Structures are given as C-alpha cells and as structure tokens.
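S.K.: sequence first, then the predicted structure, then my questions.
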Amino acid sequence: MVPRLRLNLFRLETVQCAAHMLQLAVEGAVRDTPGVKSTLDAVRKIARVMRTPSITRQLKREGKAIPVLDVNTRWGSTFDMLASVERVKPFMTEIKELANVALSEAEWSRVNDILESLRPAREATVQLQENQLLVGDFYGIWLKCKMRTSKVDSNLAKAVVANMEIRERARVNKKNERTLPPLFDYPGFAAALFMDPRYFSVLTDEEVKIAKIFLSKLWSRMKRAEHLNFRENPQESSAIDPVEDISNDEDDIHLELQNFIRTKDKERYSSYEAPGMDIMPLLDAYIKETKTLPLKADVLQYWEQQRLLMPQLYQVAMTVLAIPTTQVSVERLFSIVGFILDPLRVNLDNAILDDILVLNSNAHLVKNMSPEIAITPAGSVGIDSVSQPSTPSILESTDDNFSSVDSPAS
C-alpha cells in the first residue's frame, strides 16, 4: 500500500521551468539591446519576400532551402529565421524583388553578431527539451550556455548573460508584486547538487550547510511517514505471510498464534515514536570521501551501485534527484493529445486515452518489454505502426510557469 500524503510532514513548493527561464532571458536581452529589434524586422521582411511563389521556384531550381518565418512568441524560431536567411545570402544578388529590402554590409554584420550571441542559448534550449533531466544535468547545460555566451564580444551576448543571472535568483513580478522562485537559490537545489558527485564541488560552504540541513530534515520526515504508515497498517507493512502451507490440524492454532504476534507487533510500534537516526555524520563522510565524477557520468547508475553501501543516502538521493527542472514532458504530452484526438477520434474513451498516454510516456520501457509494439511520436500504439511526424517542441508560456517539488516542512 502506498502511504497517504501527509500535508503536515511536507509542503508543496514550486520551482521555475529552466527551459522557460532561458527563453525569457533571451527575450529580455533582445528587448533591452538597441538595434536588435530593427535588424530582426529587416530580416523578417526579406524572409517574407523570399517565400513568394516566384522566388521559391528559383530557390528550388538552385537546390537552396527556402527561408523560414518566425513566430513572435518563440525566440528559437527567430534564430532559425536569421540562420535560414543568412544561408541564402549569396543567392540574393540575383533576385530583383529584394532590391527594396536588401541589407547593407553593416546590417549583415549585425545579423552575424546576433546569430553568434544567441547560438549557445539555442543549443541549450534543444538540450533542455530532453525528457529526463536531473538538476545536475540542467545546471551543467545552464553553466555551459553562460560560459559560451560570455566569450562572444557583443552587447547582446552580455545582455543574455545578465538576464540569465537575474533569473538565477528570486525576484518580484512587477505586475502582481509576487515573489517568483529562483532557479538556483533554494534548499532543494543545493541538496540535489550535493547528492550529485559531478557538481557538489561547486557548492559554497554555506550552500553545503543548507543542503545537509535540508537532507537531514527530509530523512527524518521520510522515516516518520514510514513509521506512521506502519502503525496504521501493521498487517500490510509486516513481513508475516498471511497465507502459508500448513496442515489442517494446525490451521486454527497457527492462525491464533499469528494474530497474537500481530497484536503484539502493533502494540510495539504504538509504544514509541519514529526512529530518530541522524544522517548528518553520513553526509559529512560522503562529502569528504566521495571523489568527483566525470561530467558525462550516469549519476543514477552511481547511486544504484552505492545502494547497499549507503542505503540511507541512497533514499534521500533518489528523492532530491527527482526534482523536476522543466515542464517539457508535460507540454509534450499536451501536444501528443492534440495528435491523438483528431477529428476522427474525438469519441475515444477517457480510459483508452489515458492508456495511450501512459504507453507513450514510457515508450522506452514498453519497447524493452515488448519489442514488437511500436509507439510513434504522434501517440499511436500498435504492431508495426507507421511513424508519424515528430511532436512540436515545448510551447512558450508566461513567467508564472512552474514545475513542482515536495519539500520538507521547516
């Protein structure tokens, strides 16, 4: 039986979606840097002209890719538009229709500066759209993006780094004066990095202290919840097997003895409080004795190998490493539902729809169990089914988008 959630033991906290925060950082930098918006508008005009039928036919004859148009709410599409127009720049001198919207060499230089300034963020956005990201994975992606962007000598690159740093800390929403949670500066984040041997060395002494206190409280509440569940459901938590192979002659006596033992078991657990083992010494030994892992190491595999050596730390590690860093998987499910519930399938039963989504969300597990079952990106499930187009990337949203994490109550 799964223990019931006890609100007096845990409180629900919110954390920002990393992919969304990176999007807002780039949008803020583009908005704050003079000259960028006018350059984007000029390139957008060129893209529109180059998508007219007569020019697209010329591009196809030359084997050139047709420039794409961006979507205002998705800065990634704006980057793709700039890149697609820049790739066909040599071909533009042959197109008379572009005479009125042609860019000067200085403007093309600004286009190149924008592309170089935003390229690290674009690559990081793609990486943040993976299904399973640990806090350490997100932290590494974020730091690499800042480091690569800071090497670009442009005002836009400096603005991107500055906006990323702003979102690393707690801040106040100017519209409703509500404090927005930070990306980094909260106890759960410090605890997750503490239990990730790839990155625990970057924590300051104060952050290490915060992480250990958080993990110690988390362990105490995990044990208390486990203890309370045992007290309320001793038969379900007991190792005593209610069904054993016994003779008919001993049946009555055996059941009577078993019930007697269970009664005493219940009395024993109701007579004392939850065990108060302090894991602080284990945390101290872990941070002193554990060697830093390579950045590409599998942290979950590492903790599986330590499961028998450090069982208490394994339990808290599996809890804090599960903190969600993005909403990508949720947004992807919404997109999949749109593909499944097309006009010809709107009468699908809710239970069937739930089953399809569960299978799609765990496609890697289903494939390992039943290789003959094919699950397409569009959500179809069947034998040798035909693959469908891949689902759209994460939808853009507002500054109030959060992922959630259970945090120990203070």
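M.R.: That came in fine, so what should we check first?
S.K.: I'd like the average pLDDT over the biggest helix by length in the chain.
M.R.: Looking across the chain with DSSP state H, the single longest helix is helix 205-232. For helix 205-232, mean pLDDT rounds to 83.
S.K.: please shift the residue numbers so they start at 514 in all later answers.
M.R.: Noted, 514 is the first residue going forward, which turns the last one into helix 718-745.
S.K.: which elements pack onto it?
M.R.: Judged by 3 or more Cβ pairs under 8 Å, 6 or more residues apart in numbering; DSSP states H and E, helix 718-745 is in contact with helix 700-707, helix 761-783, helix 793-802, helix 824-833, strand 915-921. Quick note: C-beta positions are derived from backbone N, CA and C, even for glycine.
S.K.: now Asn644: how far from Asp698?
M.R.: Separation of Asn644 from Asp698 (Cβ to Cβ, to the nearest Å) stands at 26 Å.
S.K.: please apply the same query to Ile679.
M.R.: 12 Å.
S.K.: how many neighbours does Gln536 have?
M.R.: As a burial measure, Gln536 scores 22 neighbours (other Cβ atoms under 10 Å).
S.K.: same question but for Lys602, I mixed them up
M.R.: For Lys602, the neighbour count with other Cβ under 10 Å is 12.
S.K.: ok, now Val841?
M.R.: Every residue meeting other Cβ under 10 Å relative to Val841 is counted, giving 23.
S.K.: so where's the stretch 814-923 of the chain shaky on pLDDT?
M.R.: 877, 881-923 (pLDDT under 70).
S.K.: how about the strands in it?
M.R.: Taking DSSP state E, counting those that start in this stretch as the criterion, the stretch 814-923 of the chain carries its strands at 886-888, 894-896, 915-921.
S.K.: coming back round to it: distance from the longest helix of the chain to the middle of the chain?
M.R.: Chain-centre distance of helix 718-745: 24 Å, with Cα atoms, centre = their mean, to the nearest Å.
S.K.: taking helix 700-707 as reference, get the angle to that helix.
M.R.: Angle, helix 718-745 to helix 700-707, by axes from the mean of the first three to the mean of the last three Cα atoms, to 10 degrees: 100 degrees.
S.K.: now do the buried residues in stretch 865-883.
M.R.: For stretch 865-883, the neighbour count (16 or more other Cβ atoms under 10 Å) marks Ile869, Leu872, Asn873, Ser874, Ala876, Val879 as buried.
S.K.: distance to Gly851 added to these, as a markdown table?
M.R.: Shown next, in a markdown table, are the buried residues of stretch 865-883 (distance: Cβ to Cβ, whole Å):
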| residue | distance to Gly851 |
| --- | --- |
| Ile869 | 13 |
| Leu872 | 17 |
| Asn873 | 13 |
| Ser874 | 15 |
| Ala876 | 18 |
| Val879 | 21 |
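S.K.: among these, which are located in helices?
M.R.: Going by DSSP H, the helices hold Ile869, Leu872, Asn873, Ser874, Ala876, Val879 from those.
S.K.: check which helices and strands the strand or helix carrying Trp655 sits against.
M.R.: Here Trp655 is covered by helix 648-663, with elements defined by DSSP states H and E. Secondary-structure packing of helix 648-663 (3+ Cβ pairs under 8 Å, 6+ apart): helix 531-545, helix 618-640, helix 668-680, helix 700-707.
S.K.: hmm, 7 Å instead?
M.R.: helix 618-640, helix 668-680, helix 700-707 (3 or more Cβ pairs under 7 Å, 6 or more residues apart in numbering; DSSP states H and E).
S.K.: quick one, which of those helices is packed in tightest?
M.R.: Counting by mean count of other Cβ atoms under 10 Å, helix 700-707 has the highest mean neighbour count of these, with a mean of 25.
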